[in-house]
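Participant: Would you be able to build a 3D model of this:
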Amino acid sequence: MSTPLLPLSVHDDRIVDSSGTLVRLRGPCIGGWMNMEDFITGHPGPEHGLRASLTDVLGLARATFFIERLLDYFFAEDDVRFLASVGASVVRIALNYRHFEHDATPFEYLESGFQRLDQAVRWCAKHGLYVILDLHAVQGWQNSDWHSDNANRVSLFWDHAQFQDRFLALWVELARRYRGNAVIAGYNVMNEPASNSPRGRFSDTHRPRWDVINRVYRRVVEAIRQVDPDHVIFLEGDYYSRLFSGLDAPFAANLVYSSH
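Facilitator: Numbering: from 1, shown residues only. Next comes the predicted model:
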């Protein structure tokens, strides 16, 4: 058992622990697990397509059994132990909203997803690693690519209030469950947003909608702060975390801007 981790915050443009010591967050993103990506796990298309195809071939019971066993063994405590042994200080866990909510029953949360995530957080606490919760695939898809579990190549999130409301509500639920937990380095509210790519991932047609992305960011930060005033919140730039010129300057305490 490692020394208990201290809670993190942003001080003078640096991430520090509660003793004032500078903390450098160094470690991998755990992709391919609670958000499957084809280039990692070797299947074609997005995760929900893989699940549907397995169900068609194997039936629901066998497909569910296969996926659950895959998740059980894809990332385990031995992996956390190894990462700690090579000097990592953090893991960024990529999350697909579908682990926590069905589209058919929005705002009703699935304990199975939280139980799996809780287990990973406990492993990291045991071995002295911080955790960044990274919502990699949001309701309605924040970009047009497979890594947001999008098979349509069109992002609906930015133009539909219901998707945005579900996104905010899920973050409130995550923050409610993890507030006060020092193992959580922070909340990465959305991976690689692309606010205006109507025909897919083409840089020559992307025109950032700064008013839209800033409004969403302000709403989600305010919503999280209603239940968790302390954890660091990570915000990414537009167009896959590449463009920052139109983002609002830091508008709340403990914000970190993340580029890819």
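Participant: Report the buried residues of the worst-scoring helix or strand of the chain on mean pLDDT.
Facilitator: Of the helices and strands making up the chain, the lowest-confidence element is helix 38-41, at a mean of 85, by mean pLDDT, DSSP states H and E. Within helix 38-41, the residues scored as buried using 16 or more other C-beta atoms under 10 Å are residue 38. Placement of C-beta: from N, CA and C, glycine included.
Participant: And for the residue nearest to residue 17 when sequence neighbours are not counted, the neighbour number?
Facilitator: For residue 17, ignoring the flanking residues on the chain, the nearest one in space by C-beta to C-beta, 6 or more residues apart in numbering is residue 6 at 3.8 Å. Using other C-beta atoms under 10 Å, residue 6 is surrounded by 15 other residues.
Participant: Please apply the same query to residue 30.
Facilitator: 22.
Participant: Can you tell me, leaving aside adjacent residues, what's nearest to it?
Facilitator: Per C-beta to C-beta, 6+ apart, closest to residue 30 is residue 93, 4.9 Å.
Participant: State the mean pLDDT of stretch 67-84.
Facilitator: For stretch 67-84, the mean pLDDT works out to 97.
Participant: end-to-end on it?
Facilitator: 27 Å (C-alpha to C-alpha, to the nearest Å).
Participant: What residues of that stretch count as buried?
Facilitator: 67, 71, 75, 79-80, 83-84.
Participant: Same question for stretch 154-162.
Facilitator: Applying 16+ other C-beta under 10 Å to stretch 154-162 flags 155, 157-158 as buried.
Participant: Looking at those residues, which is nearest residue 49?
Facilitator: residue 155 (17.0 Å; C-beta to C-beta).
Participant: Under the pLDDT cut-off, which ranges of the stretch 51-200 of the chain? List them.
Facilitator: 198-200 (pLDDT under 70).
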